[in-house]
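> Give me the fold of what follows.
(2 chains)
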Protein chains: 2
Amino acid sequence: MTQVQHARMGRVTPEMEAVAAAEGLPVEEIMQGVAEGTIVIPKNIRRKKIRLCGIGKGLRVKVNALIGTSTDWNDPEMELRKIAAAEAAGCDSFMDLSTGGDIDAMRKKTLTNAGVPVGCVPIYQAGIEAIERHGSVVGMTPDDMFAVIEKQAADGIDFMAVHSALNFEILECLQQNGRVTDIVSRGGAFLTGWMLHNQKENPLYEQFDRLLEILLRYDVTLSIGDAIRPGSIADSLDAAQMKGLIVAGELVARALEAGVQVMVEGPGHVPLDHVEATMKLQKSLCHNVPYYILGTLATDVAAGYDHIAAAIGGALAGMVGANFLCYVTPAEHLGLPTEEDVRAGVIATRIAAHAADLANGNRAAWERDLEMARARVRGDVEKQIKLAIDPETARTALGGADGDYRCAACGENCAACVAAGFFGIS
Amino acid sequence: MTQVQHARMGRVTPEMEAVAAAEGLPVEEIMQGVAEGTIVIPKNIRRKKIRLCGIGKGLRVKVNALIGTSTDWNDPEMELRKIAAAEAAGCDSFMDLSTGGDIDAMRKKTLTNAGVPVGCVPIYQAGIEAIERHGSVVGMTPDDMFAVIEKQAADGIDFMAVHSALNFEILECLQQNGRVTDIVSRGGAFLTGWMLHNQKENPLYEQFDRLLEILLRYDVTLSIGDAIRPGSIADSLDAAQMKGLIVAGELVARALEAGVQVMVEGPGHVPLDHVEATMKLQKSLCHNVPYYILGTLATDVAAGYDHIAAAIGGALAGMVGANFLCYVTPAEHLGLPTEEDVRAGVIATRIAAHAADLANGNRAAWERDLEMARARVRGDVEKQIKLAIDPETARTALGGADGDYRCAACGENCAACVAAGFFGIS
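Numbering: from 1, shown residues only, chains lettered A, B, ... in the order given. The predicted structure is shown next:
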């Protein structure tokens, strides 16, 4: 039985208890949220002990990191080092986006090494295998696609991005209205190519019940892939995006009906003045299920600093409804991320998530900032290091590990020190 | 005559023309804004050729960088290198916050080396000199304070942060209501110490007309210092902050009346859900003059990454009213920034300002992002590098200067490339 099915029967599971404990919330609230679909707990029934991550309404905003091999850069050991670096930096989940080398072997390694939920995008593997076998993605059969989904689910994948919310109606809308950056979703591009070449409807849309049946069996959380997300500021909130969101909402209703945990993937490149509308539309069209966003990037021109552009957009989005932020690294739009990029991406995204938590009045987040403020007033450097998002970096900057800390910011004229004197704070 | 006086007589100055050209706006709009006080053009009448920077309503959000020596770190040559680095990274102005070594000599060097407007905080120098002469800031006389203001204005300083919006009523409110981080403004702390020790009202408040008279003579733009800005998330939008803003508004009215260009300095540490209220309150209480904010930092716990916490807050603030963002570097709360920190701070703050410009519908900002999106679709790497906020970093990431660029992000399966094929884009 899935978490949703348990919840609807009023049964508390160990997974709900773990999430409740991590969030400091009554387990009944978690159960209620899972039953209604406003909360998901991605965990495949085959997956063993992991640090669970509840995603959704009333919970802390979570952070996902991406890893995976590609044809140009196929080094599984490096990907494992990225997993270690990202977990040390505090990510809540991974997606393994491998498209090169032995994809099955990499996925198994990821599942073994990651201590948190792991997601996949099955159409990547199906597409790549079709290219290898038939020379092109258009050679895939629907059975190929579902075989990969079944295989990944059986391996223990906890959540899956499946680009079901894409059909000919949406593509026609896209072609009719035009766009600057057409399709920037790789899964969306694979499927669009397949549909146009074969003149057949998207099997992941058409055979949606077949997908649900597999996901249900393993309690894999469905993440409805955002196949036609805007790939530039100029394309945000266009007709095709809205059509896609409407279809996603219809599929969400069917997934909820079937007892499958479900969330919806979102953009992408979004100007800040579109963020609130984008989040509210997802909530209203998609029955308030969790929103998993890729950014959102507040500008197109921050190449080399897209982790910052995404932290800006992600924080605001988290304040107005986004529940799950996919990290963006400094390498976005430029190349594959190094280990250091992965670390930078997780940290920046965690800052965004935490800023959103504060704005949402999350008690634990407020207490952490309050403790930090008090540690600053007291001049308690060890406490400041401990409370920092990245204690390692804070320690280095504050003078190394030898205990000889010195705040050089203001020399003898530090306002905090001067003010502490006036107000009698020791 | 000051820019305001010219504008009110309907006279267009070369400074207004330069700003109009830089913004791509009719010069009448700039003149109107200067006349009403919604736009300032910081430029001392003694300052020679600089790249002018209009700040205010309808203009691009601008970015200020901080430099300056301190007692612990007194290396003027390093500060000059920071000026070069910050200007190369695209900052619109500087503030020289020197508090150590030969402050007068450093200021003159800054004015000579900077190609953009330069600001100062005269109470720093007055306070430091009092410490040197009398062993404490409390030994300053009002004449000492005004002598420094006069000297800095005569040197050619373009804008000045003066902490006039601080009086006993505000301090009583602060003491009555309590706060976690009391006073984190250094100027505010100096003056509070002075007031409490001497039991005399703040001379910069009490003798405000004397201040205006000096500023008027050199057309120095007044930036009303935010002496009691919140220094932690917990202190945001408290009673003392509001009292300070009300007093600032009263002083703004007097400055406008006197024909002095004026803006107001703002926080600080602000949770994202307070940003809009904070900006709107400043605009309504302070007669819509430009708002110059220090951050705003969206969390207290991002030590080592405060440039990101500030980019998050600053971008949102810029969307809802902030006109001028003081940069925050990764060294904030930890120590003095290095040259590399300065660069990182300017870039992050420029990303925030640009994100705000996009949200505000700024035409040039939109065109830049649109060009970037088109360059990505075309695979025009040189154009992408040229349009990036930091072309140097983008070029390095894209494969060095030898022209052999290769986007490794998706290997052969790049969505943009795949999609380009389907949609017939070459």
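> Tell me where the model's unsure across chain A.
Along chain A, segments meeting pLDDT under 70 span A:399-426.
> please redo it, this time with the cut-off set to 80
A:72, A:398-426 (pLDDT under 80).
> Next, the contact list for the most centrally placed residue in chain A, please.
Compute the mean C-alpha point of chain A, and by CA atoms, centre = their mean the closest residue is A:C326, 3.2 Å away. Contacts of A:C326 were listed using CB atoms under 8 Å, 6 or more residues apart in numbering or on different chains, and they are A:64, A:66, A:95, A:292-295, A:349. Bear in mind the C-beta positions are built from the backbone N, C-alpha and C, glycine included.
> give me that answer again for 7 Å
A:64, A:66, A:292-294 (CB atoms under 7 Å, 6 or more residues apart in numbering or on different chains).
> farthest-separated two in the residues you listed?
Spatial extent of the contacts of A:C326 (CB to CB) is set by the pair A:L66 and A:I293 at 13.5 Å.
> Between the two, which is the more surrounded one?
A:I293 (31 against 22; other CB atoms under 10 Å in any protein chain shown).
> ok but the more buried one is inside a strand, no?
Yes: according to DSSP: H, G, I helix; E, B strand; the rest coil, A:I293 belongs to a strand.
> Please give me every residue in contact with it.
A:266-267, A:314, A:317, A:322, A:325-326.
> got the residues of the stretch 201-350 of chain A near chain B?
A:232-234, A:271-273, A:298-305, A:308-309, A:311-312, A:315-316, A:319, A:331, A:334-336, A:347-348 (CB under 7 Å from any CB of the partner chain).
> now check the helix or strand containing A:K82, is it near chain B?
If you go by DSSP states H and E, A:K82 is part of helix A:76-88. No: no part of helix A:76-88 sits near chain B under the criterion CB under 7 Å from any CB; the closest distance found is 13.2 Å.
> going on from that helix, what's the next piece of helix or strand?
Using DSSP H and E, the next helix or strand after helix A:76-88 towards the C-terminus is strand A:93-96.
> State the paired neighbours of that following strand in the sheet, together with their directions.
Sheet pairing for strand A:93-96, assigned by DSSP bridges, gives strand A:62-67 (parallel), strand A:118-120 (parallel).
> Does chain B have contacts with whichever helix or strand comes after it?
Going down the chain from strand A:93-96, the next helix or strand is helix A:103-113, by DSSP H and E. No: judged by CB under 7 Å from any CB, helix A:103-113 and chain B are separated, with a smallest distance of 12.2 Å.
> Specify the beta-bridge partners of the residue nearest to the centre of chain A.
Beta-bridge partners for A:C326, by DSSP bridges, are A:N64, A:L294.
> gap between it and chain B?
Per CB to the nearest CB, to the nearest Å, A:C326 is found 15 Å from chain B.
> Next: A:D96.
15 Å.
> and that residue, what is it in contact with?
Shown in contact with A:D96 (CB under 7 Å, 6+ apart): A:67-68, A:106-107, A:110, A:118, A:120.
> Closest one of those residues to chain B?
Of all these, A:G68 has the smallest distance to chain B: 10.7 Å, by CB to the nearest CB.
> How many residues are close by the closest one?
Counted with other CB under 10 Å, residues neighbouring A:G68 total 25.
> That one touches A:S98, doesn't it?
Yes: counting by CB atoms under 7 Å, A:G68 touches A:S98, with 3.9 Å between them.
> Name the residue of the stretch 101-250 of chain A with the shortest distance to chain B.
Taking CB to the nearest CB as the measure, the point where the stretch 101-250 of chain A comes nearest chain B is A:S232, at 3.3 Å.
> so that residue sits right up against A:I183, yeah?
No: using CB under 7 Å, A:S232 is not in contact with A:I183, being 11.7 Å away.
> Looking at the two now, which is surrounded by more residues?
Per other CB under 10 Å, whichever of A:S232 and A:I183 has more neighbours is A:I183, with 28 against 24.
> Domain map for chain A?
A:1-36, A:40-360, A:364-423 (automatic domain parsing).
> I'd like the distance between the nearest residue to A:V270 once chain neighbours are set aside and A:P271.
Leaving out its chain neighbours, the residue that sits closest to A:V270 by CB to CB, 6 or more residues apart in numbering or on different chains is A:T296, at 4.0 Å. Relative to A:P271, A:T296 is positioned 9 Å away (CB to CB, to the nearest Å).
> hey, where'd the strands end up in chain A?
Counting by DSSP state E, chain A has strands at residues A:39-40, A:55-56, A:62-67, A:93-96, A:118-120, A:159-162, A:221-224, A:262-266, A:291-294, A:324-326.
> of all those, which lies closest to A:I149?
Checked against CB to CB, the stretch from those lying closest is strand A:159-162, at 7.0 Å.
> what distance separates that closest one from the centre of its chain?
11 Å (CA atoms, centre = their mean, to the nearest Å).
> ok, for A:A227, nearest residue in space, not its chain neighbours?
Nearest to A:A227 is A:G188, by CB to CB, 6+ apart, at 3.1 Å.
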